[in-house]
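Engineer: Could you look at this predicted model? Sequence included:
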Amino acid sequence: MVRGCGDMSWVAAMTESSLENTRQLPWADHDSEFRNRNEQSRGHGLSLIDGGLAKGTATPRQLSLAKSAYCDATVEISPPELVRRRVIACPGLTAESVQTASRSKIEYSFHGPTHLLVAYEDGVRTGGQTCVQGLPQATLRRFARKFTFVPAGYHYYECHELRALSRLMYFYFDPFKFVVQSGARCEQIEQISSSPRVFFEDEDLWHSAMELKNLIEKPELGDEVYLQALGVVIAYRLLRFKRGEARNRSLARGGLAAWQQRIALAYIEEHISERIELATLAGLVRQSPFHFCRAFKRSFGTPPLRYQAKRRIDQAKALLAMPEMSVTEIGLSIGFGCSSSFATAFRKATGFTPTEYQRSLG
C-alpha cells in the first residue's frame, strides 16, 4: 500500500523506536563540532573529514589549503557505528561517502537548510522504505545507480534492512552560496527545484557523481577548484531537470520514450537469468530490433544485451554477500552455465574473481 508523505504525514513512516533512536543520536555534539570548526577555519580550501566506525565520530585530516566551510547539518544515521563516513567540502558544497559495515537495520534522516542529493552506488534491501516530504512512500528493493533529491527545508527519512553491504553518497548544496553559470546568467542553486524526487535515473548525472566519489576516496587527485567544478556540473544537471530538458532529452536525441524504458527494463529484470532475444525486447516497445538497439543505447549508454550482462554482475555482487550460497550456485542462479564462465565474466567486469570479491566483504 502506498502511504502519502505530504504535509507532515511523513512522520507516520517512522516507528516510535526510530524516532527514539533519532533523539538519542550523538549528532547534536557532532553538528556543534562542525560549526566550531567552520568558525575557526573559514576560507576557500579543501578539507576531508575521515570518519571511522567507532561511535560515529569524525576526525579532520587537513588537505590542500587546509581550510573549509562545512555544512551545518548532515544526514543523521542510526546506529552510527555501523557506517564509515568520509566528507569532503568547499564553500557552498559538501560531499559525503557512506559505506555500511553491517547488514543490520539502518535509518537515515535529514531536515536542513541545504539541498540534498542522494546517490545510491549499491543498494539491495529486503525491507524498508524511503520517504521524502510531499511524495508517496517508496519501498523499492533494488535502487543501485538511482538518485533521490530533497529540496532545502524538506524532511527525508529512509530505512534499510540490507540484503548486502551498500554504499551511498550525499551531496549538500547551500542554496545561497553555490552559484551556477548557465549561459549568460548566473543562477543560485536555490532555483534548482522546489520539487522532491525519489529513485530517479540520469546517466550523465551518475558519471559526474562517480567523479566526485573518486575525489572523496582519493582527495589527493584534486583540489577545491576541481571539487567546485564537479559540483557545478551536478548542479547544472539538476537545473535542467527544473526546465524539463532532461525529461525530453531521450526523445529529442532518438532515445526510448519513458514508457518504453520502463517496459524494457522491467522485462530484463524479470528475465535476468535467461537468454533474451533482441527481437523480443524490440517487439515489446513496438520497434524494429535495429531501431530499438540504437534507441536503447542512446537512453542508457550501453546496448540492451550488455546492459543485461551488467545487471547480472550487479545481482551476483548482492548474492555474494550472502554466505549461504556457494559461488557455483550464484553463477547458475543468474544464468551462467558453469562456474568457470561465471568467474571469467565476473573478473572481466570487476577485476576480481567471485571468491576474491566475497572474501573482501569480510
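Structural biologist: Ah, there it is.
Engineer: in the stretch 201-350 of the chain, which spans are helices?
Structural biologist: Along the stretch 201-350 of the chain, counting by DSSP state H, counting those that start in this stretch, helices occupy 203-217, 224-243, 245-252, 258-270, 278-284, 289-300, 304-320, 327-333, 339-350.
Engineer: got CSV for those helices, with mean pLDDT and distance to residue 143 too?
Structural biologist: C-beta coordinates here come from the backbone N, C-alpha and C atoms, glycine included. Formatted as CSV, the helices of the stretch 201-350 of the chain follow (pLDDT from 0 to 100; distance: least, Cβ to Cβ, whole Å):
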stretch, mean pLDDT, distance to residue 143
helix 203-217, 87, 13
helix 224-243, 78, 18
helix 245-252, 46, 19
helix 258-270, 89, 13
helix 278-284, 94, 23
helix 289-300, 89, 16
helix 304-320, 89, 11
helix 327-333, 90, 21
helix 339-350, 90, 20
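Engineer: want to throw the ones you listed into CSV with distance to residue 155 and mean neighbour count?
Structural biologist: Formatted as CSV, those follow (distance: least, Cβ to Cβ, whole Å; neighbours: other Cβ atoms under 10 Å):
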stretch, distance to residue 155, mean neighbour count
helix 203-217, 23, 18
helix 224-243, 19, 19
helix 245-252, 25, 13
helix 258-270, 28, 15
helix 278-284, 38, 16
helix 289-300, 32, 18
helix 304-320, 29, 19
helix 327-333, 39, 18
helix 339-350, 37, 16
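Engineer: now those helices as JSON lines including distance to residue 74?
Structural biologist: Converted to JSON lines, these look like this (distance: least, Cβ to Cβ, whole Å):
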{"stretch": "helix 203-217", "distance to residue 74": "14"}
{"stretch": "helix 224-243", "distance to residue 74": "16"}
{"stretch": "helix 245-252", "distance to residue 74": "27"}
{"stretch": "helix 258-270", "distance to residue 74": "32"}
{"stretch": "helix 278-284", "distance to residue 74": "42"}
{"stretch": "helix 289-300", "distance to residue 74": "32"}
{"stretch": "helix 304-320", "distance to residue 74": "27"}
{"stretch": "helix 327-333", "distance to residue 74": "36"}
{"stretch": "helix 339-350", "distance to residue 74": "30"}
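Engineer: nearest to residue 172, of those?
Structural biologist: helix 224-243 (10.0 Å; Cβ to Cβ).
Engineer: elements contacting that closest one?
Structural biologist: On a contact count with 3 or more Cβ pairs under 8 Å, 6 or more residues apart in numbering; DSSP states H and E, helix 224-243 meets strand 83-90, strand 93-100, strand 115-122, strand 167-173, strand 179-182, helix 203-217, helix 245-252.
Engineer: Serialize these to CSV and add fields for distance to residue 128.
Structural biologist: Formatted as CSV, these follow (distance: least, Cβ to Cβ, whole Å):
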stretch, distance to residue 128
strand 83-90, 15
strand 93-100, 13
strand 115-122, 12
strand 167-173, 13
strand 179-182, 33
helix 203-217, 22
helix 245-252, 28
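Engineer: per-residue confidence for the residue of the chain most remote from its centre?
Structural biologist: Centroid-distance maximum for the chain: residue 288 at 33.7 Å, with Cα atoms, centre = their mean. For residue 288, the model assigns a pLDDT of 93.
Engineer: Am I right that it is in contact with residue 278?
Structural biologist: No - Residue 288 lies out of contact with residue 278 (Cβ atoms under 8 Å); the separation is 10.0 Å.
Engineer: show me what contacts residue 141?
Structural biologist: By Cβ atoms under 8 Å, 6 or more residues apart in numbering, residue 141 lies in contact with 124, 125, 126, 163.
Engineer: now, the most widely separated pair of these?
Structural biologist: Among the contacts of residue 141, 124 and 126 lie farthest apart (Cβ to Cβ), at 8.0 Å.
Engineer: Now the common contact residues for those two.
Structural biologist: Common contacts of residue 124 and residue 126 (Cβ under 8 Å, 6+ apart): 141, 162, 163.
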